[in-house]
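*Asks:* For reference, the sequence and a predicted model appear below.
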Amino acid sequence: MSQDNNECIRVAIVGAGIVGCALAVSLNALDTDHKIAIDLYETAPELSEIGAGLNMWPRTWEIMKKIGLKDTLIPTFDHYPDLENRVVFEVRKSDQKNGYKVTDIMKEGGVLRIHRADLQRSLIKHLPLPDSGNPINSACTLHLSHRLVDYTTSDSGPTTLHFSNQPDQTCDILIGADGIKSTIRQLFLSRQPNPEDFQQYMDARWSGAVIYRGILAKDELAKVYPGHRALDHAGLMYTGKNKHTVVYPIAEKFINVVVTIHGKENDGKLWDGPWNTEVSATEFYEQFAGWDEEFQALIHCIKRPTKWAVQKLKNLPVYAKNRVFLMGDAAHAMVPHQGAGAGIGIEDAYTLAALLTHPSTTPGFTTEYIDKVASIYNAVRVPRAHSMSNGSSRQGYLYAFETEGFEQYKEGEDIPMDKMLESFREAGENWSWTATDPDDDTRKAVELLEGRA
Ligand SMILES: Cc1cc2nc3c(=O)[nH]c(=O)nc-3n(C[C@H](O)[C@H](O)[C@H](O)COP(=O)(O)OP(=O)(O)OC[C@H]3O[C@@H](n4cnc5c(N)ncnc54)[C@H](O)[C@@H]3O)c2cc1C
């Protein structure tokens, strides 16, 4: 470790995606005692800022403000973050020639739409790195081109990290923020006393769905379809039997389009093959032949579609033990239909940061103490993530009329309005958490640590 200081708790974060960076920034924001030293390991040779659109709910925004990202993020949002009642999606039945509006899903504070690269860039900008100019409570050393391949724990001493083509390093606490294919999750589970019970959580499972994504320039859409509804709309959902598409603006000039084709019968199976494949535009468009004109105009702007088999993890019952903590997609990758995977990972990060910076967490902590922190993290984060993951799967099926009571309807057929409204009423209610206070969970964790709960 770069900061070989007995006075510090040495936290190794493996994975510098949104969640790993959010943990480093949260630790730095809360560590007023300056007792944490962070080593951030990333397999990539540089911190890249990629991806498409991302929904950030008021609940996650509260954490962003607490960790100091307010001023950097506000200019990147589609609207000023407040708690006004706003449209999240206008839902349109579109699997027929003349599509029509079903309902508006409204939420307190709506949802903030952001380009993922803008979020990642803001987090990276706030990392407490030596020359960053940021106030530094928890000094962070960034180790790029470090792919963790193994780790070795000892009963009470440091954990040793082994990298491909890099020297070993040590730490007091190891964080696996290494994404859905997490190496740390696989090692962690294989070291449980009964590893065979955890085999089912090792690898991601296919959700049965495939997604096609595109970012369209508004100018391009305006050329082929002047006055298109998506050019000036907060959020649209074009839906039909077994398929739904979300559409929303990002970064002023662009429109984010995510097309999902469900496959409930394959939910939970193992996917054999690459997760992403390029497909011909014709193959993509043909699946929506017969859908309404404004929807077809949108998807015809996606010229080089990529088909992506959507993966998720089964609900893992334990995220932390023996000085190792999993967070973000490494612990609970879920389908994207509640727009919440990154937000839940950021909550993991913020809650763990509150526990690790608590006055009772001191350098030289005992095994019993860190076991207690791990069990509190499990008690607070596991049920929350499970409920979000289950809710996200259900949400996708609600959008596409794949829940009980819709079996008799086929693509392109009319569905009674009251049935569709009922589906979207439930979908709206599933989002009852979006403007709640994230400190509820963090407070509960701290109260457990202090023996007050
Ligand atoms: C289509 C789609 C739409 C989504 N929409 C939303 C949304 O609207 N809102 C939302 O909140 N979430 C959304 N999500 C979910 C969100 O994208 C993820 O939950 C989030 O990005 C996970 O972040 P992470 O940091 O946990 O993992 P990752 O982003 O996967 O980062 C993991 C990092 O670890 C590194 N790494 C991996 N292995 C190693 C190793 N062995 N050693 C060192 N480094 C390693 C990787 O290079 C990577 O940088 C969506 C997901 C999808 C697929």
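*Replies:* Okay, I see it. Numbering: from 1, shown residues only.
*Asks:* going forward, measure contacts and count neighbours with C-alpha atoms only.
*Replies:* Noted.
*Asks:* Nearest residue to residue 156 in space, please, no chain neighbours.
*Replies:* Closest residue in space to residue 156, ignoring its immediate chain neighbours: residue 367 at 5.9 Å, by Cα to Cα, 6 or more residues apart in numbering.
*Asks:* oh, I was asking about residue 196
*Replies:* Per Cα to Cα, 6+ apart, closest to residue 196 is residue 190, 7.9 Å.
*Asks:* related to what we said a few turns ago, and the residue nearest to residue 156, how many neighbours?
*Replies:* Residue 367 has 14 neighbouring residues, counting by other Cα atoms under 10 Å.
*Asks:* So what does it have for phi and psi?
*Replies:* When quoted as degrees, to the nearest 10, the phi and psi of residue 367 stand at phi -60, psi -40.
*Asks:* Also residue 258?
*Replies:* phi -130, psi 110.
*Asks:* Next, count neighbours for the nearest residue to it once chain neighbours are set aside.
*Replies:* Among residues not flanking residue 258 along the chain, residue 213 sits closest, at 4.6 Å (Cα to Cα, 6+ apart). Per other Cα under 10 Å, the neighbour tally for residue 213 reads 21.
*Asks:* Am I right that residue 213 is in contact with residue 255?
*Replies:* No - counting by Cα atoms under 8 Å, residue 255 is not a contact partner of residue 213; they are 10.8 Å apart.
*Asks:* Okay, now the unreliable bits of the stretch 251-400 of the chain?
*Replies:* Applying pLDDT under 70 to the stretch 251-400 of the chain picks out no residues at all.
*Asks:* Where do the strands of it begin and end?
*Replies:* 254-261, 276-278, 306-312, 320-321, 324-326 (DSSP state E, counting those that start in this stretch).
*Asks:* Mean neighbour count, these: which tops it?
*Replies:* strand 324-326 (a mean of 25; mean count of other Cα atoms under 10 Å).
*Asks:* Just give the strands next to it in its sheet, each with its orientation.
*Replies:* strand 173-176 (parallel), strand 320-321 (antiparallel) (DSSP bridges).
*Asks:* The stretch 151-300 of the chain against the ligand: which residues are in contact?
*Replies:* Taking Cα under 6 Å from any ligand atom as the contact definition, the stretch 151-300 of the chain meets the ligand at 177, 178, 179, 180, 182, 183.
*Asks:* that older thread, and the strands of the stretch 251-400 of the chain as JSON lines, adding distance to residue 291?
*Replies:* Compiled in JSON lines, these are given as follows (distance: least, Cα to Cα, whole Å):
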{"stretch": "strand 254-261", "distance to residue 291": "13"}
{"stretch": "strand 276-278", "distance to residue 291": "23"}
{"stretch": "strand 306-312", "distance to residue 291": "19"}
{"stretch": "strand 320-321", "distance to residue 291": "47"}
{"stretch": "strand 324-326", "distance to residue 291": "43"}
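*Asks:* To residue 68, which of those lies closest?
*Replies:* strand 324-326 (23.8 Å; Cα to Cα).
*Asks:* Off-centre distance for the closest one?
*Replies:* Using Cα atoms, centre = their mean, to the nearest Å, the mean C-alpha position of strand 324-326 is found 17 Å from that of the whole chain.
*Asks:* So what touches it?
*Replies:* Applying Cα atoms under 8 Å, 6 or more residues apart in numbering, the contact partners of strand 324-326 are 173, 174, 175, 176, 177, 184, 185, 188, 319, 320, 374.
*Asks:* quick one, what contacts the fourth one?
*Replies:* Read that as residue 176. Contacts for residue 176 were tallied using Cα under 8 Å, 6+ apart; they are 13, 14, 15, 182, 184, 185, 324, 325, 326, 327, 330.
*Asks:* change it to 6 Å
*Replies:* By Cα atoms under 6 Å, 6 or more residues apart in numbering, residue 176 lies in contact with 14, 184, 326.
*Asks:* For the chain, just list every one of the helices.
*Replies:* Using DSSP state H, the helices of the chain run over residues 18-30, 58-66, 70-73, 116-125, 183-190, 218-224, 281-286, 293-299, 329-332, 341-356, 367-399, 417-430, 439-449.
*Asks:* can I get these in CSV with distance to residue 149?
*Replies:* Output for the helices of the chain, formatted as CSV (distance: least, Cα to Cα, whole Å):
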stretch, distance to residue 149
helix 18-30, 17
helix 58-66, 31
helix 70-73, 34
helix 116-125, 24
helix 183-190, 7
helix 218-224, 43
helix 281-286, 38
helix 293-299, 41
helix 329-332, 15
helix 341-356, 22
helix 367-399, 23
helix 417-430, 39
helix 439-449, 31
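*Asks:* which one of these lies closest to residue 107?
*Replies:* Here helix 417-430 is closest among the helices of the chain (Cα to Cα), at 7.9 Å.
*Asks:* Specify the angle between that closest one and helix 367-399 in degrees.
*Replies:* Per axes from the mean of the first three to the mean of the last three Cα atoms, to 10 degrees, the angle that helix 417-430 makes with helix 367-399 is 160 degrees.
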